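[1] Model the structure of this input:
(one chain, ligands or ions: 1)
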Amino acid sequence: MSAATPSGEFEHPDVVICPGGPVLLRGEHVVADEQGRTHRTTRPVTAVCRCGKSATQPWCDGTHKVLPPRSRP
Ligand code: FES
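    Have a look, this model is predicted:
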């Protein structure tokens with residue numbers, strides 16, 4: 001769990017939603033894909049695809065960067 005600063009902000013949130021891109025997960029998580037299969041995170045920070053176009057679902061492979069702005073999450 002992240003610690004809050006005196007101002008109430010969190011320096012390192014556990015979940016970060018990137019505008020037009022993935023969700024970043026900090027720490028260990030189990031992610032369920034669209035078929036209900038579960039995947040365990042293996043990195044300190046993991047990017048989970050929100051655009052649906054990644055070739056490495058459920059993980060982000062950067063494909064969202066080449067999508068037209070209206071097609072980005
Ligand atoms: S959000 Fe990055 S490839 Fe889908």
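
[2] going forward, measure contacts and count neighbours with C-alpha atoms only.
    Will do.

[3] residue closest to the middle of the protein?
    Nearest to the mean C-alpha position of the chain, by C-alpha atoms, centre = their mean, lies V23 at 2.2 Å.

[4] Please list the residues of this protein that sit near the ligand.
    Contact residues of the chain with respect to the ligand, defined by C-alpha under 6 Å from any ligand atom, are listed as 21-22, 49-54, 60-64.

[5] ok, back up a step: so for the residue nearest to the centre of the chain, what's the pLDDT?
    Reported pLDDT at V23 in the predicted model: 98.

[6] who's in contact with it?
    By C-alpha atoms under 8 Å, 6 or more residues apart in numbering, the contact set of V23 is 15-17, 47-50.

[7] how does it look with 6 Å?
    With contact set as C-alpha atoms under 6 Å, 6 or more residues apart in numbering, V23 has these partners: 16-17, 47-48.

[8] Now tabulate the residues of the chain next to the ligand in a markdown table and tack on secondary structure and distance to R72.
    As requested, the residues of the chain next to the ligand are exported to a markdown table (DSSP: H, G, I helix; E, B strand; the rest coil; distance: C-alpha to C-alpha, whole Å):
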| residue | secondary structure | distance to R72 |
| --- | --- | --- |
| G21 | coil | 7 |
| P22 | coil | 10 |
| C49 | coil | 11 |
| R50 | coil | 8 |
| C51 | coil | 6 |
| G52 | coil | 9 |
| K53 | coil | 10 |
| S54 | coil | 12 |
| C60 | coil | 12 |
| D61 | coil | 14 |
| G62 | coil | 11 |
| T63 | helix | 10 |
| H64 | helix | 6 |
